[in-house]
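J.: need the 3D shape of this:
(chains A, B and C)
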Amino acid sequence: MSLLAKGILKGMAVTAKNFFQSYYRKERLPTVQYPEEKSTITPFTRNFPFLLYDGDDAVDGMRCTACTLCERACPPQCIYIIKDKDEKGKPILRPRIFDIDTSVCMSCQLCVEVCPYEAIRMDSAFELSNENRFEGLLINRGDLLKSNDYYHALNPVEARETDDRIAAKNALAEAKKKARQKKTRLAAAKAKRPPSRLKKSPPAREKPPQPEKSE
Amino acid sequence: MNNFFDLKLVELGRWIEAFFADFPSLKLVVHLLLCTLPLALSFMGAFAFTTWLERKGLARIQNRPGPNRVGIFGLLQPIADGIKMLIKEDIVPERSDKLFHFLAPIMLMIPALIGVGFLPLGDGLHALPLDSAIIFFFAISSLNTIAVFMAGWSSRNKYSLLGGMRAVAQMISYEIPLVLSAVAVIMIAGSLNAQEVVASQQISSWVGSGNILQEFFGRILGWNVFKPWGFAGFIFFFVAALAEANRSPFDLPEADSEIIAGHLTEYSGFKYAIFFMGEYISAFAIAGIGVTLFLGGWNGPVFSGLPWFVLKLFSLFAVMIWIRGTLPRLRVDQLMGYAWKFLFPLAILNIFLAGFYHFIERQWGTAIAMLAGWILGFGALQLAATALSRLNQSPIMRSKRVYQLVE
Amino acid sequence: MNIAFYLLALVAVLGAGLAITLRNVVHAVFSVLLFFSALAGLFLLMLAEFIAAVQVLVYIGSVGILMLFAIMLTTNVMGDPNRPVRSRGWVWGGLAVIALLAGVLLPLISRTGGQTPTPLSDFNPSVKQLGMVLMDPYFASVGVIALLLTAGLIGAVVAATGASEADQKKTVPANRPNYPNT
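T.: Numbering: from 1, shown residues only, chains lettered A, B, ... in the order given. Reported below is the predicted structural model:
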């Protein structure tokens, strides 16, 4: 050990440098004064899911078909879905109730992975704290629904990719439909034994969601 | 311009006392209050300010802004903290020794405030101008140990007791190098009187000469730090003072990460605040005696007196904060070994060096003494330090390092 | 001055009395410390500030702490509750103490005859004076005492380390991993 204590002096020099540079160098004082200013969030931040809709009307443009795949995939089971029905009691392919519990959600993004209709995405909003710990933390359909424009503002790259994917899917479905219509027309033209094939064909079932998406 | 502030303050005191000239007994009471109350209040204010300073300084060292919400630059933070402490519940452990648990913070606060009274704050600003002020100061500051022990023992908590034991061992050990490094100063000054120690730290032939430069430097270059033995002594004193005041890197008694603040574990609310204040004020007192012994006391150019004392005190405290932001905590065995096997012998050697310096200065003049002191004296200290660190190494340390898990 | 003296004397007697009657050992030590500090106050009243400082430094700061250190390591500070604090023959002991005090103090009191002693004219209670006296006429005795204390200290160090040193060397394995600065 030397009297000069070189190691200590070296350490003191480092802390002194940190002290003085924190007054004039940005990287030495990275703190953001939170409620007044907010740090910029990268587009890839994910915190809490939201539901997407197309067009202007949130309920009509809803992409979700209440298939409950996300509900089943959710590891902490924080999603709660009830299908909608019209006046006659016939089920409509959209959720009447879609609740997500903030206090339970663990931001795993599995619901996004599993959704076949690109209807659910992760939001980067982080100010979810609330004064009411029961109702306040349970976010329901109305608050979850965000427009596609919002998604574009949030994460333009991913949003464009999603749009492209939906467009491609729609185009494919359209082409298939046309092909099938052609086939049926040809079959009708032949008109020998068409009925049995028409009954079996699945397109009739697949048709309803497609127009909704393309709207 | 010299001593302007001090003289004005003394005048103010006289002026207040003059109102009570007709009642001698009342005048005595007023006199005592004037001697003590401003002192206690100003040091409590300094405590509040220092908590802010420490939090700000540490924050900046750690690249964050520190308290900045209450008032401008967070300057009102201590007041907010004080209010918070006041309205918190005061929890006393059920099986604790209630009386001692209550007395411990008071026992820490009283010696701290008495110790502050022994500091010569300026020309004539000296609450307890005793002839043996310096030794009295060390006597009073040794009472801190008892308060910490009281707190540790009465809390009925393992961590508290561990903290108390650590505190007692540490404070006793470091008191010795602390006093020994002060002995050199006392020996050269030839007095235990704090004012005389201060007076001995100016080049008296320069100060009264009328030459502006000599007037200026005569009040600086005479400080004991600028003498070889004084410099070494100051370092020893400072290290020991850090340990005496329980400040980082010697904050083992309250090591919050290992024994949960030690003797403070069971304290809450205002008792905790008083404990905190007592520790800071005793740290102030010990820094103040360091200023008096080594940094020329209230001596300084241009406006000698209270402003210089305050400036030096806060600079010394700033260095303490700086050290706290830099150094990690020592281990217990390192701590005791450092006091007994390293600081203690070096402090004794320093006393001899001071004697030799004094002798050479008298015989051949200051220039030769300085030269000999800085070269020979520091050579001797360096040699002793090297030898001691060699001797202190355990047989394990001296053997070649073997890493079992690497190969 | 008189009030201060009686107050301090009362505290001193109280502290001393509590020290021998309290069951809790830690409380007893603290009452001893109370007694010591009252004594320091009495020294201060007599303008013997150096003695007062030394009283605080040595008796409270060192001896008291030493006692506390010893007591801190005891598990049962209340002692055996079945054993009485007072011994059986405390009356005779008290009488003996009173007789001794009377035998020493009464002749002194009778010599002064109750009148206040005249203050010394050349009384100088400065520390410098005390130092001069200690260093000039009584240097030899101070030196001898210092030597004795040093011998005691060295003896304590030898007694504390002598045996364990040999054990330590034996138990250190050759290839033990190193820890810095042990």
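J.: tell me how many other residues surround the residue nearest to B:S200 when sequence neighbours are not counted.
T.: Leaving out its chain neighbours, the residue that sits closest to B:S200 by CB to CB, 6 or more residues apart in numbering or on different chains is B:A189, at 4.1 Å. For every residue, glycine as well, the C-beta is placed using N, CA and C. Neighbours of B:A189 under the rule other CB atoms under 10 Å in any protein chain shown: 19.
J.: show me what the helix of greatest length in chain A is packed against.
T.: If you go by DSSP state H, chain A has its longest helix at helix A:156-190. The contact analysis (3 or more CB pairs under 8 Å, 6 or more residues apart in numbering or on different chains; DSSP states H and E) places helix A:156-190 against helix A:148-154, helix A:195-200, helix A:203-206, helix A:209-214.
J.: change it to 10 Å
T.: Judged by 3 or more CB pairs under 10 Å, 6 or more residues apart in numbering or on different chains; DSSP states H and E, the packing partners of helix A:156-190 are strand A:120-123, helix A:148-154, helix A:195-200, helix A:203-206, helix A:209-214.
J.: list of residues touching the first one?
T.: Right, strand A:120-123. Applying CB atoms under 10 Å, 6 or more residues apart in numbering or on different chains, the external contacts of strand A:120-123 come out as A:44-52, A:63-64, A:69-70, A:79, A:98, A:100, A:107-109, A:111-115, A:144, A:146, A:148, A:150-151, A:154-155, A:158-159, A:162.
J.: can you list phi and psi of A:L93 for me?
T.: Torsion angles at A:L93 (phi, psi; degrees, to the nearest 10) stand at phi -80, psi 70.
J.: state the distance from it to A:K177.
T.: As judged by CB to CB, to the nearest Å, A:L93 and A:K177 stand 18 Å apart.
J.: domain-wise, how is chain A divided?
T.: A:48-155, A:163-214 (automatic domain parsing).
J.: mean neighbour count added to those, as CSV?
T.: Shown next, in CSV, are the domains of chain A (neighbours: other CB atoms under 10 Å in any protein chain shown):
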stretch, mean neighbour count
domain A:48-155, 16
domain A:163-214, 11
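J.: ranking those by mean pLDDT, which is last?
T.: When these are compared by mean pLDDT, domain A:163-214 comes last with a mean of 70.
J.: contacts only, for A:L69.
T.: A:I79, A:I81, A:C111, A:E113, A:V114, A:C115, A:P116, A:Y117, A:I120.
J.: which members of the residues you listed are the farthest-apart pair?
T.: By the measure CB to CB, A:I81 and A:E113 form the most distant pair in those, at 17.0 Å.
J.: so what's the residue count around B:F303?
T.: Neighbour count of B:F303, defined by other CB under 10 Å: 15.
J.: an error on my part: the question was meant for B:R247.
T.: 21.
J.: distance of it from B:A182?
T.: Applying CB to CB to B:R247 and B:A182 gives a distance of 18 Å.
J.: B:H263 now?
T.: Relative to B:A182, B:H263 is positioned 27 Å away (CB to CB).
J.: which SS class is A:R96?
T.: strand (DSSP: H, G, I helix; E, B strand; the rest coil).
J.: for the nearest residue to it once chain neighbours are set aside, helix, strand, or coil?
T.: In this structure, A:R96 finds its nearest non-sequential neighbour in A:D84, 4.0 Å apart by CB to CB, 6+ apart. Judged by three-state DSSP, the three-state class of A:D84 is strand.
J.: just the strands in the stretch 251-400 of chain B please.
T.: Counting by DSSP state E, counting those that start in this stretch, the stretch 251-400 of chain B has no strands at all.
J.: where in chain B is pLDDT low?
T.: Scanning chain B with the threshold set as pLDDT under 70 gives B:1-2, B:208-210, B:394-399, B:401, B:406-407.
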